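> Next come a sequence and a model predicted from it.
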Amino acid sequence: MDVLLVDDSKVMLLRLRQFLEAKDGIIVTACSDPLAALVEARTCAFDLVLVDQHMPELDGITFIREIRAIPHYAQVPVAMITSDVCDTVRLSALEAGATDFLDKRAKGIELNVRVRNLVRLAKAVRHLDEQATTLAGEIEQATRRLREREAEIIFRLALAVEYRDNDTGDHTWRVARYSQIIAEAMGLTEDYCQRLYLAAPLHDVGKVAVPDGILLKKGRLDEAEFAVIRTHSMVGKRILGGSGSELICLAAEIAEAHHEKWDGSGYPHGLAGEAIPLSARIVAVADVFDALTSVRPYRAAMAVEEALGCIQADSGRHFDPACVEAFASAWDAVLAVRETAVGSRLEALARTTEPWARVPELRREVAESVR
């Protein structure tokens, strides 16, 4: 245990130091200069502070007020050494943060007992601090594990939806990464970008309610079929809405609104401009770009440059211009995602803590076995 002893009286310093150092495990730092003692307090984490009231340059009450302002010393026992019995002085010391008083006039036994009790108190406070630190670390670790499991469940659920019309699961991952890239290019916080990356894969979770005959139809949908497709946004909202998880709530927001359009012509609510949640505006760009550059049952994939041109042409109508501008400004990062092969992606992520590290590459084993 480390003790800071501050007193301009060499006799008192020696007396208290000898008593304290006679106890095992106690290291004393003695200072006759209160200003130098404050410097020591800022560089070392003392467990107990004993300070004289009457000192040159800085009195004990001011010293206590100064040391209590240092974060570490919010709970550390700080005792004033004084022979002043004035109630005004003692009250001022208590208001400044003094824990107790040591009377210089006290007989040796009484002074020793008081110091011994302060040492016991300091050890108890230190023990509680260590327990609190350990508990905080355990809570942080448990919280991190819960968040990792939450993220993994989200990705697996998203892949379950995508498995119906995609062979590899890449669409889910790419939309997540494109969304993250756009958010980063827009200067949004790191925390938001990460949460968007984790929530974006569930944008189409409502498609579980769409019949295969419509979802996998080769050719254009008629009006009735398209009306069924349009229901997936509200189905996604119902699946994800009302969760106590901040991440799931963000996913619900995206699932509901990612087909809204900047000019108000989208669905399900016909929202326009900034009335559309930012998360959904970002994912809309990512989702449409990946859809354009991917093979679909009813058409071939579009070249990435051509798809970018389509996105830019719809800026201000379908898409938020700020999101489109951010997407175009991060074009190199977009291409890097597009060109990453599934096998190498999973192999690389297996060495990280990303949710994809635990998600296998999708294969149509059942469909292939039927053939």
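That came through fine. Because the structure is a prediction, the values reported are computed rather than measured. Numbers count the residues shown, from 1 in each chain.

> Now residue 67: closest residue in space, sequence neighbours ignored.
What sits nearest to residue 67 in space, not counting adjacent residues and going by C-beta to C-beta, 6 or more residues apart in numbering, is residue 73, at 5.0 Å. All C-beta atoms are positioned from the backbone trio N, CA, C, and that covers glycine.

> what about the one you found, how many neighbours?
20 (other C-beta atoms under 10 Å).

> Same check on residue 141?
Neighbours of residue 141 using other C-beta under 10 Å come to 10.

> after the helix or strand where it lies, next one along is what?
Taking DSSP states H and E as the criterion, residue 141 maps to helix 108-162. Of the helices and strands lying after helix 108-162 in sequence (DSSP H and E), the nearest is helix 170-185.

> Provide the contact partners of that following helix at residue level.
155, 158-159, 162, 166, 192-194, 196-198, 200-201, 203, 282-283, 285-287, 289-291, 294, 323, 326-327, 329-330, 333-334, 337-338, 342, 345, 356 (C-beta atoms under 8 Å, 6 or more residues apart in numbering).

> One more: stretch 305-320?
261-263, 265-266, 273, 276, 281-282, 284-285, 288-289, 292-293, 302, 321, 324-325, 327-328, 331.

> go with 6 Å
With contacts defined as C-beta atoms under 6 Å, 6 or more residues apart in numbering, stretch 305-320 is touched by 261, 262, 263, 281, 285, 289, 292, 293, 321, 324.

> Give me the mean pLDDT for it.
Average pLDDT, stretch 305-320: 96.

> first vs last residue of it, how far apart are they?
19 Å (C-alpha to C-alpha, to the nearest Å).

> residues contacting the residue lying closest to residue 82 once chain neighbours are set aside?
Leaving aside its chain neighbours, residue 82 sits nearest to residue 53 (3.9 Å; criterion: C-beta to C-beta, 6+ apart). Contact analysis of residue 53 by C-beta under 6 Å, 6+ apart lists 60, 80, 82, 84.

> Of the residues you listed, which belong to strands?
80, 82 (DSSP state E).

> out of the contacts of residue 53, who's nearest residue 25?
The nearest member of the contacts of residue 53 to residue 25, counting by C-beta to C-beta, is residue 80 at 24.3 Å.

> who touches the closest one in this structure?
Residue 80 neighbours (C-beta under 6 Å, 6+ apart): 53, 60, 93, 98, 101.

> how close does the residue nearest in space to the middle of the chain sit to residue 198?
Closest residue to the average C-alpha location of the chain: residue 191 at 5.6 Å, with C-alpha atoms, centre = their mean. Residue 191 is 11 Å from residue 198, where distance means C-beta to C-beta, to the nearest Å.

> Then residue 114?
56 Å.

> ok, those two, which is more surrounded?
residue 198 (24 against 16).

> Wait, that one touches residue 151, no?
Yes. The pair residue 198 / residue 151 is scored as a contact, 4.9 Å apart, by C-beta atoms under 6 Å.

> Hmm, residue 55 and residue 81 touching each other?
No. Residue 81 lies out of contact with residue 55 (C-beta under 6 Å); the separation is 9.9 Å.

> show me where pLDDT drops low in the stretch 51-200 of the chain?
85, 105-111, 164-169 (pLDDT under 70).

> Outside of stretch 83-102 itself, list whatever touches it.
53, 61, 64-65, 68, 77-81, 104-105, 114.

> Counting neighbours, which of those comes out on top?
Going by other C-beta under 10 Å, residue 80 tops the contacts of stretch 83-102 with 28 neighbours.

> For that residue, name its beta-bridge partners.
Judged by DSSP bridges, the bridge partners of residue 80 are residue 51, residue 101.

> Roughly how far does it sit from residue 319?
From residue 80 over to residue 319 (counting by C-beta to C-beta), the distance is 67 Å.

> Same question for residue 209.
Taken as C-beta to C-beta, the span from residue 209 to residue 319 is 26 Å.

> cool, and residue 51?
Applying C-beta to C-beta to residue 51 and residue 319 gives a distance of 65 Å.

> With residue 30 instead?
From residue 30 to residue 319 the distance is 69 Å (C-beta to C-beta).

> who's more crowded, these two?
residue 319 (24 against 20).

> For the contacts of stretch 305-320, give me TSV that also has distance to residue 5, neighbour count and secondary structure.
TSV is the format used below for the contacts of stretch 305-320 (distance: C-beta to C-beta, whole Å; neighbours: other C-beta atoms under 10 Å; DSSP: H, G, I helix; E, B strand; the rest coil):
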residue	distance to residue 5	neighbour count	secondary structure
261	72	20	coil
262	69	24	coil
263	74	14	coil
281	62	25	helix
285	65	25	helix
289	68	25	helix
292	74	19	helix
293	72	18	coil
321	66	13	helix
324	66	24	helix
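
> Distance to residue 233 for those residues - can I get that in TSV?
Output for the contacts of stretch 305-320, formatted as TSV (distance: C-beta to C-beta, whole Å):
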residue	distance to residue 233
261	12
262	16
263	17
281	14
285	16
289	19
292	19
293	22
321	23
324	21
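
> Tell me which two of the residues you listed sit farthest apart.
263 and 293 (23.6 Å).

> can you list contacts of stretch 118-127?
Looking at what lies outside stretch 118-127 - C-beta under 6 Å, 6+ apart - the contacts are 47, 48, 75, 77, 79.
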